[in-house]
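Participant: sequence plus predicted model, see below.
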Amino acid sequence: MIIVLLILPILQMFLPTFTGDQFFLEKYLSFFHSTGNMQVIARTLIIAVVTTLVTLSLGLPTAYWISRLGEKWKKVVSIIVLFPILTNAVVRNFAWITILGKNGVINNFLMQLHIIDKPLTLLYTNFSIVVGSVYLFLPIMITSLVSSFGQLNFEVEEAASVIGARPMVVFFKVILPQLSVGMLTGSILVFVGSLTAYTTPQLLGGNKNMVLATLLQQQSITLGDWTSASVVAVVLTVIAILVMTIMNYGTKLLDRRNTK
Amino acid sequence: MRTRIKFSSVVGFLVLVILVVPLLIVIVTSFGQESAISFPIKGFTFDWYKNVFQQPDFVEGLKMSSIVAILASFLALLVGTPIVYVLTRFDIHHKDWFQTIFLSPALIPEIVIGFALYQALVISLQLPLFISLIVGHFLLCLPYVVRLITAGMMEFDESIEEAAWMVGYDKLTAFFKVVIPNIKQSVVAAFILSFITSFNNIPISLFLNGPDLNMLPTSILNYLENNYDPTVSAVSVILMIITALMMIIVEKYLGLNKLT
């Protein structure tokens, strides 16, 4: 059933992209030849990388803090973290339109303080896509890190402090290695999630800042060019699966090393 | 060590504020009297909530999204539960292969699933949109069902089922009378998580909706392209209330940690 419902449609999408007058990869060559398309791919990847790094660096201290809270507060905080995950992405991105927009919260605030006299262009930029993606995926990163902090051995940390290791050294040499699996799991979710996200770049990126998912939508629904859209779909799928495979492999390697 | 705890508390607290404040702003703007969204608001009104229910796209979308989410989750459970049962209980050749296939929809970017299904089911096979939409959402929910039910089956003690066989239940009766009641919690959790995932989905619905088939999230997206008024804030608040209700129900009967 899955084969009929999923794999066949995917195959049907793949096949037309491999036909060409001269060469079976013709359509891909012309896709990769366009600087516009290459920019879209580069933007998609950069946004995903930056989003992952930002969620990771904000998520680590947050998860550390949560894991040290008492039972009662831990529960309250977990609810606050879980609520956005379960709330519609449109709602969460729309919130940032009201904050970053021309008459948005930030511009109004800065204008009233006379720090700026013209509204800043914050919305419909690469910056706003990153902000929206970080907001979207930060709770997911925190959740995966908290569960890996839960398995953390705090005694090792104390032992390291007792023998005189400085806090920064303890963090980088003792805590981080124990967390590497959780960090990788969270990073896979965030990276692949922002790589393939449609709603955030659509709402916060505008027409100029296309990523692969919005390009796919534009080629198919707006322009009706189904073959080009298929090429985009194949490129997006291949990148996503490639990234997942590599990172999963990395997680397995780390896991094996840690349990040894 | 103390400095690190202080640092992580500050960052953690700030992150929580960042997670909550945008949603609070949306709630506040839904009561503003001005026709453009502004913050802080001037005046106080419930008119935008009335306006939500005067938008046929939103009302129909809410109904349709709920119907699709219920049907898709139900189907995913109906198909997923027996599959997981067989995979966890019996020795099957190429077990890993099956596991990968059933989790495979999670590997393909959602927007690509929507696009591929549109081409294959709607254009090639001429299936009605509604059926294609259900198929899409079913594929979306299946990996969640497989994951949660597998976790439930792992906790369930096989010997209870074997005892049922010994006292003369045949395998089918034992499955319904012994296995299902024992993994009931996982089944309910899987249903709720599937429901939320399907209800919130945009990329799959994007390709599989039409003039008579509106889903709520895509309706909001369309509305936002042409309007920027507090109606969107109001409908966002309604969605947040639905999320909160779901969380209360889950917490009361299962515990929220079942969902993550």
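Facilitator: Alright, I've got the coordinates.
Participant: please make it C-alpha for all contacts and neighbour counts, starting now.
Facilitator: Fine.
Participant: could you look up the SS state of A:Asn209?
Facilitator: Classification of A:Asn209 by DSSP: H, G, I helix; E, B strand; the rest coil places it in coil.
Participant: which residues touch stretch A:150-161?
Facilitator: Residues outside stretch A:150-161 that contact it (C-alpha atoms under 8 Å, 6 or more residues apart in numbering or on different chains) are A:Ser67, A:Pro167, A:Val170, A:Val174, A:Ile175, A:Gln178, A:Leu179, B:Met1.
Participant: check contacts around the nearest residue to A:Tyr124 once chain neighbours are set aside.
Facilitator: With C-alpha to C-alpha, 6 or more residues apart in numbering or on different chains as the criterion, A:Tyr124 has its nearest non-adjacent residue at 4.2 Å, and that residue is A:Gly205. With contact set as C-alpha under 8 Å, 6+ apart, A:Gly205 has these partners: A:Leu123, A:Tyr124, A:Thr125, A:Asn126, A:Ser128, A:Ile129.
Participant: by neighbours, which of the residues you listed wins?
Facilitator: A:Ile129 (29 neighbours; other C-alpha atoms under 10 Å in any protein chain shown).
Participant: need the helix or strand of chain B with the lowest average pLDDT.
Facilitator: Ranking every helix and strand in chain B by mean pLDDT, DSSP states H and E puts helix B:95-103 at the bottom, with a mean of 77.
Participant: now do chain A
Facilitator: Counting by mean pLDDT, DSSP H and E, chain A has helix A:2 as its least confident element, at a mean of 61.
Participant: extract the CA atoms of the helix or strand following that helix and return them as PDB.
Facilitator: Counting by DSSP states H and E, the next helix or strand C-terminal to helix A:2 is helix A:8-14. What follows is helix A:8-14, C-alpha atoms only, in PDB (Å, rounded to 0.1, in the frame of the first residue of the first chain):
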ATOM      1  CA  LEU A   8       4.900   5.100  -7.300                       C
ATOM      2  CA  PRO A   9       3.900   8.800  -7.300                       C
ATOM      3  CA  ILE A  10       7.500   9.700  -6.400                       C
ATOM      4  CA  LEU A  11       8.800   7.600  -9.300                       C
ATOM      5  CA  GLN A  12       6.300   9.200 -11.600                       C
ATOM      6  CA  MET A  13       7.600  12.500 -10.500                       C
ATOM      7  CA  PHE A  14      11.200  11.500 -11.100                       C
END
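Participant: how about helix A:8-14: buried residues?
Facilitator: For helix A:8-14, the neighbour count (16 or more other C-alpha atoms under 10 Å in any protein chain shown) marks A:Pro9, A:Ile10, A:Gln12, A:Met13, A:Phe14 as buried.
Participant: can those residues go into a markdown table with extra columns for pLDDT?
Facilitator: Output for the buried residues of helix A:8-14, formatted as a markdown table (pLDDT from 0 to 100):
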| residue | pLDDT |
| --- | --- |
| A:Pro9 | 74 |
| A:Ile10 | 75 |
| A:Gln12 | 73 |
| A:Met13 | 72 |
| A:Phe14 | 72 |
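Participant: excluding chain neighbours, what is closest to the residue in the stretch 1-150 of chain B positioned nearest to chain A?
Facilitator: Of all residues in the stretch 1-150 of chain B, B:Gly12 sits closest to chain A, at 3.9 Å by C-alpha to the nearest C-alpha. In this structure, B:Gly12 finds its nearest non-sequential neighbour in A:Thr62, 3.9 Å apart by C-alpha to C-alpha, 6+ apart.
Participant: quick check: pLDDT value at that neighbour.
Facilitator: On the pLDDT scale, A:Thr62 is placed at 93.
Participant: near chain A, which residues of the stretch 101-250 of chain B are found?
Facilitator: Proximity of the stretch 101-250 of chain B to chain A (C-alpha under 8 Å from any C-alpha of the partner chain) is limited to residues B:101-102, B:105, B:107-113, B:116-117, B:119-121, B:135, B:139, B:196-197, B:200-203, B:207, B:217, B:220-221, B:236, B:239-240, B:243-244, B:247.
Participant: 7 Å - rerun?
Facilitator: B:107-109, B:111-112, B:116-117, B:120, B:196, B:200, B:203, B:217, B:221, B:236, B:240, B:243 (C-alpha under 7 Å from any C-alpha of the partner chain).
Participant: determine which two of these are furthest apart.
Facilitator: B:Ala120 and B:Met240 (34.9 Å; C-alpha to C-alpha).
Participant: low-confidence ranges, the stretch 1-150 of chain B, go.
Facilitator: Per-residue confidence for the stretch 1-150 of chain B (pLDDT under 70) gives these ranges: B:1-5.
Participant: so which residues of it form strands?
Facilitator: Remark: no strands are assigned in the stretch 1-150 of chain B by DSSP state E, counting those that start in this stretch.
Participant: one more: chain A?
Facilitator: Using DSSP state E, chain A contains no strands.
Participant: name the residue of it that lies nearest to chain B.
Facilitator: Counting by C-alpha to the nearest C-alpha, chain A gets nearest chain B through A:Thr62, at 3.9 Å.
Participant: one step back: turn the contacts of A:Gly205 into TSV, including distance to A:Thr237 and pLDDT.
Facilitator: Shown next, in TSV, are the contacts of A:Gly205 (distance: C-alpha to C-alpha, whole Å; pLDDT from 0 to 100):
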residue	distance to A:Thr237	pLDDT
A:Leu123	28	91
A:Tyr124	25	92
A:Thr125	25	92
A:Asn126	22	93
A:Ser128	24	95
A:Ile129	21	96
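Participant: out of these, which sit inside helices?
Facilitator: Using DSSP state H, the subset of those located in helices is A:Asn126, A:Ser128, A:Ile129.
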